[in-house]
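Peer 1: Sharing a model that was predicted from the sequence below.
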Amino acid sequence: MSASNETTASRKISGVTSVASGLSSDEVSRLMRRRGEESRWWWLVPTIYIIVLLLPIYWLVNMSFKTNAEIVNSLTLYPHNPTIANYVTIFTEKAWYSGYINSITYVVINMVISVAAALPAAYAFSRYRFLGDKHLFFWLLTNRMAPPAVFALPFFQLYSAFGLIDTHIAVALAHCLFNVPLAVWILEGFMSGVPKEIDETAYIDGYSFPRFFLKIFTPLIASGIGVACFFCFMFSWVELLIARTLTTTDAKPIAATMTRTVSASGMDWGLLAAAGVLTLIPGALVIWFVRNYIAKGFALGRV
């Protein structure tokens, strides 16, 4: 078998060599020139793709420095009379800046609770086999598949009974229904990539489970924790329906505030654009800090 493979490989090599030797020097130079011309255009498609992605962001920033009259009356590629009045309004009016504070507060609470609850669950799914483990894992994911509108009314009735309406913890706990299954699924993939021999070696060396999990195991899955935190943050940051249903004034998030920019004179587009720009910044910062972890998540097939 090995002799036949070597014979086939030698035939292929000799065939390629004969083809190359059959070309004249002019044909070889022409072929190389053609490849060089083709390589000059490889950047065209990525450049167009990046421009298409950045165009809405540029237009949002462009509108944020315009007055509402300029936005409505004319279509311009840049503001002719730039103004920061829209940003001043957001940073000075409590209805606006409190929306950002509320959003960051319940997003951080949800992220901490979701990842803390998902860590032991993901470890159990990755290390142990028990009756119904696959069914339980699938059931967790089905909660993530359901749209938030399905749970909006039950959450409202439940939190109304306990007096939790218009509180940060209400929105944070409601988002846990969607983020915990996602975090378990992501972390289970990273934990399954850690050899079980590490657990056994730590126990032989006298480590207790809490000490082993915190000092040895957790650093090994730091990239998985970063990816889980990223997705929990992004879901809670952009989710609108449940956050708007469970809040009124004190804990109203920025997403709900942005939907109420309509006044008697119409929609304030400049103010809405400025709020949109400021809403993009936290997500961009989170992506920047966890970009390497997300790349590892793609490599493991969990992102």
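Peer 2: Sure thing, it's come through.
Peer 1: Spell out the secondary structure type for residue 75.
Peer 2: Under the three-state scheme (DSSP: H, G, I helix; E, B strand; the rest coil), residue 75 adopts coil.
Peer 1: how close does it get to residue 46?
Peer 2: If you measure residue 75 against residue 46 using CB to CB, to the nearest Å, the figure is 28 Å. Any C-beta I mention is one placed from the backbone N, CA and C, and that applies to glycine too.
Peer 1: Kindly report the same for residue 100.
Peer 2: Separation of residue 100 from residue 46 (CB to CB) stands at 34 Å.
Peer 1: The two: which has the busier surroundings?
Peer 2: The neighbour comparison of residue 100 against residue 46 (other CB atoms under 10 Å) goes to residue 100, with 19 against 9.
Peer 1: so what's residue 116 scoring on pLDDT?
Peer 2: For residue 116, the pLDDT comes out at 95.
Peer 1: And the one 4 residues further on, by the same measure?
Peer 2: On pLDDT, residue 120 comes in at 92.
Peer 1: hang on, isn't residue 104 packed against residue 282?
Peer 2: Yes - taking contact to mean CB atoms under 8 Å, the distance of 7.0 Å between residue 104 and residue 282 places them in contact.
Peer 1: residue ranges for the strands of the stretch 151-300 of the chain, please.
Peer 2: Assigned by DSSP state E, counting those that start in this stretch, the strands in the stretch 151-300 of the chain fall at 262-263, 266-267.
Peer 1: Worst mean pLDDT among these?
Peer 2: If you rank the strands of the stretch 151-300 of the chain by mean pLDDT, strand 262-263 sits at the bottom with a mean of 61.
Peer 1: quick one: buried residues of stretch 79-86?
Peer 2: For stretch 79-86, burial by neighbour count (16 or more other CB atoms under 10 Å) applies to 79, 86.
Peer 1: and that stretch, C-alpha only, in CSV?
Peer 2: What follows is the C-alpha trace of stretch 79-86 in CSV, where atoms were taken according to Å, rounded to 0.1, in the frame of the first residue of the first chain:
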residue,chain,number,x,y,z
PRO,A,79,-22.7,69.0,9.8
HIS,A,80,-22.4,72.6,8.4
ASN,A,81,-23.0,74.1,11.9
PRO,A,82,-21.6,71.5,14.3
THR,A,83,-23.1,71.6,17.8
ILE,A,84,-22.7,69.6,21.0
ALA,A,85,-26.0,70.7,22.4
ASN,A,86,-27.4,67.1,22.0
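Peer 1: when you give positions from now on, start the count at 46
Peer 2: Sure thing, new numbering starts at 46, so read that last one as stretch 124-131.
Peer 1: leaving aside the residues next to it on the chain, what's closest to residue 131?
Peer 2: With sequence-adjacent residues excluded and distances taken as CB to CB, 6 or more residues apart in numbering, residue 131 is closest to residue 319, at 3.7 Å.
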